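Asker: next input, structure requested:
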Amino acid sequence: MLVHGWDGEAADLKAFVPGLLNAGYRVIAPHLPGHGFSEGALASIPACADALVVVQRHFGKLHAAAAHSIGCPMTVLAASKGLAVETLALLAAPARYVDYVRKFAEQAGLDSRQTELTIAALKSMGSMSNRCPCPR
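Answerer: Residues are numbered from 1 along each chain as shown. All right, here's what the predicted structure looks like:
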């Protein structure tokens, strides 16, 4: 399974497909909720993780899942929720999610109040913790 990042789509990881197919693997590359050809405009990390579990259950146990960017925490959360996968490959996972959100907000032209509201909304959706699980 190939898992794209935030504001991405399945085609973002298309460069991996020929090699995987040539090696004999079946490739699953879903559009996460609110991304690509999926319905909706917004999706939280937990909602995307739940979607990955649903996709995996439809296709059966996975040999591997390769995730990019914010797709990494989505995939790790999915694994903690029962995603049946043997191996995870995490590509360019954000080290400090809150910093990533702040940079994304800056690029989107949000002011400081809007940025803090965005962070609060993400926390309320379960997409962010109030604590960092890693040392600073």
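
Asker: okay, strands next: where are they in the chain?
Answerer: Here the chain has its strands, by DSSP state E, at 2-3, 62-68, 85-91.

Asker: deepest of those, which one?
Answerer: strand 2-3 (a mean of 28; mean count of other C-beta atoms under 10 Å). C-beta: built from backbone N, CA, C; applies to glycine.

Asker: each with direction, which strands does that strand pair with?
Answerer: Next to strand 2-3 in the sheet, as set by DSSP bridges, lie strand 62-68 (parallel).

Asker: mind listing residues that contact the strand it pairs with?
Answerer: Here strand 62-68 makes contact (C-beta atoms under 8 Å, 6 or more residues apart in numbering) with 1-5, 8, 12-13, 16, 25, 28, 52, 56, 74-75, 78-79, 83-93.

Asker: 10 Å - rerun?
Answerer: 1-6, 8, 12-13, 16, 20, 25-29, 52, 55-56, 71-76, 78-79, 83-93 (C-beta atoms under 10 Å, 6 or more residues apart in numbering).

Asker: C-alpha coordinates for that strand, PDB please?
Answerer: Extracted in PDB, the C-alpha atoms of strand 62-68 (Å, rounded to 0.1, in the frame of the first residue of the first chain):
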ATOM      1  CA  LEU A  62      -0.500  -6.300   3.400                       C
ATOM      2  CA  HIS A  63       3.200  -7.200   2.900                       C
ATOM      3  CA  ALA A  64       4.200  -3.500   3.300                       C
ATOM      4  CA  ALA A  65       2.900   0.000   3.500                       C
ATOM      5  CA  ALA A  66       5.100   2.900   2.300                       C
ATOM      6  CA  ALA A  67       3.900   6.300   3.500                       C
ATOM      7  CA  HIS A  68       5.100   9.800   2.700                       C
END
